[in-house]
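**Student:** Dropping a prediction and its sequence here:
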Amino acid sequence: MRKIDKRLKPPAGLPRSARRWWLDVAGAYGMTGDEAGLRLLSEAAFALARLEECRAIIARDGAAVLDRFGAARAHPLLQAEHHARSSFLAAVRALNLDVEPAKAIGRPGAAY
């Protein structure tokens with residue numbers, strides 16, 4: 001079980017899943033004193049919450065809905081889902097959270 005720094009407080013208004021993600025990332029990357037990083041992390045968490053909300057509604061209603069004439073058209077939340085996903089990924093990139101772990105430099109060892 002991970003130890004949570006008591007100084008890390010996720011922003012108010014986040015749903016449980018986004019709050020848990022915020023705490024996991026802030027704790028794993030030691031963001032206690034990084035105000036700019038915490039603000040970016042909060043923006044990413046809100047975008048994640050909006051993304052999950054849109055996905056749930058689209059899953060319930062379907063990707064196509066009927067307009068007032070009975071013709072099928074794209075669900076109006078598909079665009080909001082796209083924007084939320086883009087915002088989330090942009091914030092994660094700005095935080096450099098999408099970087100792979102460092103690999104050893106040089107030739108592989110004998111185990112290769």
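**Tutor:** That came through fine. Numbers count the residues shown, from 1 in each chain.
**Student:** Report the helix or strand with the lowest average pLDDT across the chain.
**Tutor:** Ranking every helix and strand in the chain by mean pLDDT, DSSP states H and E puts helix 16-28 at the bottom, with a mean of 92.
**Student:** ok, now which ones touch the nearest residue to residue 8 once chain neighbours are set aside?
**Tutor:** Computed as CB to CB, 6 or more residues apart in numbering, the closest residue to residue 8 that is not its neighbour in sequence is residue 26, at 4.9 Å. C-beta coordinates here come from the backbone N, C-alpha and C atoms, glycine included. Listed by CB atoms under 8 Å, 6 or more residues apart in numbering, the contact partners of residue 26 are 5, 8, 10, 32, 38, 41.
**Student:** List buried residues within the residues you listed.
**Tutor:** Buried subset of the contacts of residue 26 (neighbour count, 16 or more other CB atoms under 10 Å): 8, 10, 38, 41.
**Student:** What pLDDT is listed against the second one?
**Tutor:** Going back to what we said before, that points to residue 10. Per-residue confidence at residue 10 stands at 92 (pLDDT).
**Student:** Could you check how far it is from residue 29?
**Tutor:** Using CB to CB, to the nearest Å, we find residue 10 at a distance of 14 Å from residue 29.
**Student:** got it, and the third one?
**Tutor:** Plainly put, residue 38 is 10 Å away from residue 29 if you go by CB to CB.
**Student:** And residue 59, by the same measure?
**Tutor:** For residue 59, the distance to residue 29 under the criterion CB to CB works out to 31 Å.
**Student:** Give me the more crowded residue out of these two.
**Tutor:** In terms of neighbours (other CB atoms under 10 Å), residue 29 is the more surrounded of residue 59 and residue 29; the figures are 14 against 9.
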